[in-house]
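> Next come a sequence and a model predicted from it.
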Amino acid sequence: MPPIETLSADAAEAALPDLAALLHACVLDGASIGFVLPFTLFEAEGFWRDGLPALRSGARRLLVARDGTRVVASAQVGLAGPPNGRHRAEITKVLVHPRARRRGLGRALMNEAEAVARAEGRSLLVLDTRSHDAGEALYRSLGYAVTGVVPDYACSPDGVPEPCTFMHKRLPGSAPRSGT
């Protein structure tokens, strides 16, 4: 199992081709992660490039796993929030390249995301996933509870509206931050 790394904005910028290839492969494989077909590598790179300011400001952390030197999995931890929400973090864009699945990378990314959130004083994690997808089963196995399901929340890569399951997890051993 490769180690999970937290990339700085500069390291993420240097890894843009790998990150774009990862996102592109996942969307082409049917992942419902915010994009519809046709979806180009150029658009995938634009997504990652648009996220660099949040990495630079510390509002977001980018976790990756590599197979040798190539990025094959990623997850993001969103830490920004209004003053009354600084006790929580959002997990987004958990991606594992189709050729790298079934190796425990998703679980490893989620465990590291929880460690990052704890280190930042966060006591609640939230996320959303396509209902009945493999991701939902993974998150349930990690102790995430279903908050609710919204029908027709997002479109699949083929443009078909699908339900989305919103989930949450309280982090043991983390105390909510009082106002800042």
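Yes, it's here.

> From here on, just use CA atoms for contacts and neighbour counts.
Noted.

> can you tell me which residues contact G143?
By CA atoms under 8 Å, 6 or more residues apart in numbering, the contact list for G143 reads K169.

> Sketch out the low-pLDDT regions of the chain for me.
Judged by pLDDT under 70, the chain has its weakly predicted residues at 174-180.

> Would you mind giving the secondary structure of R66?
Per DSSP: H, G, I helix; E, B strand; the rest coil, the secondary structure class of R66 is strand.

> OK, contacts around it?
With CA under 8 Å, 6+ apart, R66 has these contacts: 2-4, 72-73.

> Distance of D152 relative to E162?
From D152 over to E162 the distance is 4 Å, taken as CA to CA, to the nearest Å.

> separation between T165 and G148?
Per CA to CA, T165 is found 6 Å from G148.

> V36 too?
Here the criterion is CA to CA. By it, V36 lies 24 Å from G148.

> These two: which has the busier surroundings?
More neighbours surround V36 than the other of V36 and G148, with 17 against 12 (other CA atoms under 10 Å).

> Wasn't the more buried one part of a helix?
No: assigned with three-state DSSP, V36 falls outside any helix and is coil.

> Just give the nearest non-adjacent residue to it, would you?
Counting by CA to CA, 6 or more residues apart in numbering, V36 lies nearest to P157, which is 3.9 Å off, once chain neighbours are set aside.

> Near that neighbour, how many other residues are there?
Residues contacting P157 under the criterion other CA under 10 Å number 20.

> which SS class is it?
Secondary structure, three-state DSSP: P157 is coil.

> Buried residues of the lengthiest helix in the chain, list them for me.
Using DSSP state H, we find that the single longest helix of the chain is helix 105-119. Buried positions in helix 105-119, judged by neighbour count with 16 or more other CA atoms under 10 Å: 105-110, 112-114, 116-118.

> now the residues you listed as a markdown table including distance to R88?
Conversion of those to a markdown table gives the following (distance: CA to CA, whole Å):
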| residue | distance to R88 |
| --- | --- |
| L105 | 23 |
| G106 | 21 |
| R107 | 20 |
| A108 | 20 |
| L109 | 18 |
| M110 | 15 |
| E112 | 16 |
| A113 | 12 |
| E114 | 11 |
| V116 | 12 |
| A117 | 8 |
| R118 | 10 |
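
> Of these, which is the nearest to A31?
Closest approach between those and A31, by CA to CA: G106, at 13.8 Å.

> Surely the closest one and V94 touch.
Yes: under the criterion of CA atoms under 8 Å, G106 makes contact with V94 at 7.1 Å.

> can you list residues touching both of those two?
Common contact partners of G106 and V94 (CA under 8 Å, 6+ apart): A73.
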